[in-house]
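# how would this look folded up:
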Amino acid sequence: MREFTIGKNDAGQRLDRFVAKNLPLLPPALLQKYIRLKRIKVNGKGSKRDVRLETGDILQLYINDEFFDKPNEENLFLTVFKPQLNIVYEDENLLLVDKRPGMSVHADETEKVNTLINHIQAYLYQKREWNPKWENAFAPALCNRIDRNTGGIVIAAKNAEALRIINEKIRAHELEKFYLCITVGRPKQPEGKIEGFLLKNEAKKEVRFFHKPVPGGKTAVTLYRTLESRGGLSLVECRLLTGRTHQIRVSMAEIGCPLLGDGKYGRGDVNRRYHETRQALYSYKLRFDFQTDAGLLSYLNGQEFTVETVPFREKYFPQTLSI
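Numbers count the residues shown, from 1 in each chain. Sure, this is the predicted structure:
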């Protein structure tokens, strides 16, 4: 419990607005709930949210200590009142979450609060599985990332050992990641391998494809197979053998079949015709294929997880069965 004594400079403010100003980490909906539950008292009694505070009033807040901290990137999850997660799989070590297109996985220059990691940490905090006050250093963390406008499976580790193992298995290519995408046009070869070197331009935030090694370029290998073509579009499954920034988007554009909706590497005229503003790309399936010891995650070996729906597949190729 914390107490505030109202001074003359704070007198006249509404109760809820005073608390909101002094506890910026407390979600507005939770603030209103705490007032209703009388966990916020004025002079020892429950109060209405719109009561005007007077000089000398004693405010008693029966609220978790975390909400009294100053906001920073590590505690912004507290501001998420109702985490929005589409959970594909969960156990004591891992979460597999189907991220919706449009959500950033981590904070960036355009979004600090409504990120996937904040929703995951808020979810685990509210389940009382994790609390930053219990830990010296560890916080639930993402093991892989996907672009803001790409949807699909993201792996989150609930403990440090799971994080270490999954990161090791990703580096060793012992997790198989499958994507669905819609391309403009049909690949000349129905299936194949796209190999090259990707060079990232940090200033422009874009990637170029090269067929020969270039300074700073990284090897990129993508397997693909065409599932169906119709009306100038194709539904294609891609499997990543390397995990590079924008790998599928750049690689498919390189073979003349850019992704529908891709504003960076695609065809603007086609995107406008179909009214698509996000690349049609979805990390829809994940398979654990451990070739070496996986410690406490050994039980996952051989397991495969798939998202329930891929919105653009339902829209453009609802009858495709050959996945």
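# gap between stretch 110-120 and the chain center?
Relative to the mean C-alpha coordinate of its chain, stretch 110-120 is positioned 7 Å out (Cα atoms, centre = their mean, to the nearest Å).
# go on, stretch 244-262?
For stretch 244-262, the distance to the chain centre is 21 Å (Cα atoms, centre = their mean).
# next one: stretch 72-83
14 Å.
# gap between the two ends of that stretch?
Taking Cα to Cα, to the nearest Å, the span from the opening residue of stretch 72-83 to its closing residue is 19 Å.
# and for stretch 21-30?
Start and end residues of stretch 21-30 are separated by 14 Å (Cα to Cα).
# list of residues touching that stretch?
With contact meaning Cβ atoms under 8 Å, 6 or more residues apart in numbering, stretch 21-30 is reached by 4, 13, 19-20, 31, 34, 61, 63, 66-69, 71, 75-76, 78-82. For glycine as for every other residue, the C-beta is placed from the backbone atoms N, C-alpha and C.
# what is the neighbour count of Pro83?
When neighbours are defined as other Cβ atoms under 10 Å, Pro83 has 17 of them.
# show me where the stretch 101-250 of the chain has its strands.
If DSSP state E, counting those that start in this stretch is used as the criterion, the strands of the stretch 101-250 of the chain fall at 141-142, 151-157, 175-184, 191-201, 206-210, 218-230, 233-240.
# let me know which of those strands is tucked in deepest.
Highest mean neighbour count of these: strand 151-157, a mean of 25 (counted as mean count of other Cβ atoms under 10 Å).
# quick one: work out the angle between that one and strand 175-184.
Here the directions of strand 151-157 and strand 175-184 differ by 160 degrees (axes from the mean of the first three to the mean of the last three Cα atoms, to 10 degrees).
# which elements pack onto strand 151-157?
If contacts are counted by 3 or more Cβ pairs under 8 Å, 6 or more residues apart in numbering; DSSP states H and E, strand 151-157 sits against strand 94-99, helix 116-126, strand 141-142, helix 160-171, strand 281-288.
# who does the first one pair up with?
Spelled out, it's strand 94-99. strand 87-90 (antiparallel), strand 151-157 (antiparallel) (DSSP bridges).
# which one of those strands lies closest to Met252?
Proximity to Met252 (Cβ to Cβ) singles out strand 151-157 among these, at 16.1 Å.
# before we move on, the earlier item: want to throw the strands of the stretch 101-250 of the chain into TSV with mean pLDDT?
Compiled in TSV, the strands of the stretch 101-250 of the chain are given as follows (pLDDT from 0 to 100):
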stretch	mean pLDDT
strand 141-142	96
strand 151-157	97
strand 175-184	97
strand 191-201	96
strand 206-210	96
strand 218-230	96
strand 233-240	97
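# distance to Asp50 added to those strands, as JSON lines?
Shown next, in JSON lines, are the strands of the stretch 101-250 of the chain (distance: least, Cβ to Cβ, whole Å):
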{"stretch": "strand 141-142", "distance to Asp50": "41"}
{"stretch": "strand 151-157", "distance to Asp50": "40"}
{"stretch": "strand 175-184", "distance to Asp50": "51"}
{"stretch": "strand 191-201", "distance to Asp50": "53"}
{"stretch": "strand 206-210", "distance to Asp50": "51"}
{"stretch": "strand 218-230", "distance to Asp50": "58"}
{"stretch": "strand 233-240", "distance to Asp50": "55"}
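# for Pro258, which of these is the nearest?
Proximity to Pro258, assessed across the strands of the stretch 101-250 of the chain by Cβ to Cβ, is greatest for strand 175-184 (5.5 Å).
# phi, psi for the residue nearest to Phe81 when sequence neighbours are not counted please.
Of all residues not flanking Phe81 in the chain, Pro27 sits nearest, at 3.6 Å (Cβ to Cβ, 6 or more residues apart in numbering). Torsion angles at Pro27 (phi, psi; degrees, to the nearest 10) stand at phi -60, psi 140.
# from Tyr282, how far off is Ile194?
Going from Ile194 to Tyr282 by Cβ to Cβ, to the nearest Å gives 18 Å.
# now the chain, which segments are flagged as low pLDDT?
In the predicted model, the chain carries pLDDT under 70 at residues 136, 320-323.
# distance between the ends of stretch 294-310?
The straight-line separation of the ends of stretch 294-310 (Cα to Cα) is 30 Å.
# look up which residues are beta-bridged to Leu61.
Here Leu61, judged by DSSP bridges, has bridge partners Arg2, Ile40.
# for it, what are its contacts?
Neighbouring residues of Leu61 by Cβ under 8 Å, 6+ apart: Met1, Arg2, Glu3, Phe4, Val19, Leu23, Tyr34, Arg39, Ile40.
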